[in-house]
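> Curious how this folds, go ahead:
(one chain, ligands or ions: 1)
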Amino acid sequence: MDSGAAAIIKESIRIIEDYPKKGISFKDITPLLKDGNGFRACIDGLEKGIAGKRIDYVAGIEARGFIIGSALAYAMGIGFVPIRKKGKLPYRTVRREYPLEYGNDTIEMHVDAFEKGSSVLIADDLLATGGTARAASELIAEAGGKIAGFAFIVELTGLNGREKLAGHEIVSLVQYQY
Ligand code: AMP
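Below is the predicted model of the structure:
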């Protein structure tokens, strides 16, 4: 993404120190979503970043990954797969517990979320330690999918999330150290 578009995106991300707990520098994307041009720049930037890859579905991780992932799937004209927090999906699921930058969490996906052999792109708002995205990729693999890559608006480079996702293409539009 060109530096002008990245600067526009960064300008609309609000940083809240010590939220949700001390030491976390929270990147609040709600002002960015509120700005129609900024939101569009994000989805266009991600679509360009992954251009040329075979992608059958976009999987988004609850909750902010639903916003980014569903807009991206719509723009690409392909289907969206929700990866949800524990206990929200009505049918049979695959499940993973994983460590977060702050605490632990469990995510689930329907066992029949896509046809086996599908190429699935994982989308979320932010890559921190990579635990969430890694767990999502394990769910997709368990359900018989292939990982097409990962798409994030924000990457916190100092947390080395990329190392947990090694071997896959990773697109992020703007970067901060922490
Ligand atoms: P991780 O599993 O450590 O890569 O954390 C990624 C998930 O936690 C994403 O779904 C983010 O929405 C959220 N998250 C982690 N750290 C932050 C942060 N500093 N600011 C905003 N969201 C964060």
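> The residue nearest to Gly79 when sequence neighbours are not counted bridge partners, please.
Nearest non-adjacent residue to Gly79, counting by CB to CB, 6 or more residues apart in numbering: Tyr57, 5.0 Å away. Every C-beta, even on glycine, is put in place using the N, C-alpha and C of the backbone. With beta bridges defined as DSSP bridges, Tyr57 has these partners: Gly79, Val120.
> ranges for the helices of the protein?
Using DSSP state H, the helices of the chain run over residues 3-11, 30-34, 36-49, 64-76, 131-142, 161-164.
> Take those helices and lay them out in CSV including mean pLDDT.
As requested, these are arranged in CSV below (pLDDT from 0 to 100):
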stretch, mean pLDDT
helix 3-11, 90
helix 30-34, 98
helix 36-49, 97
helix 64-76, 98
helix 131-142, 97
helix 161-164, 98
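> Out of those helices, the one nearest Val94 is which?
helix 131-142 (4.6 Å; CB to CB).
> on contacts alone, who are the packing partners of the closest one?
Applying 3 or more CB pairs under 8 Å, 6 or more residues apart in numbering; DSSP states H and E, we find helix 131-142 packed against strand 57-61, strand 93-100, strand 103-110, strand 119-127, strand 146-156, helix 161-164.
> gap between the residue most central in space within the chain and Ile13?
Nearest to the mean C-alpha position of the chain, by CA atoms, centre = their mean, lies Asp124 at 1.6 Å. For Asp124, the distance to Ile13 equals 15 Å [CB to CB, to the nearest Å].
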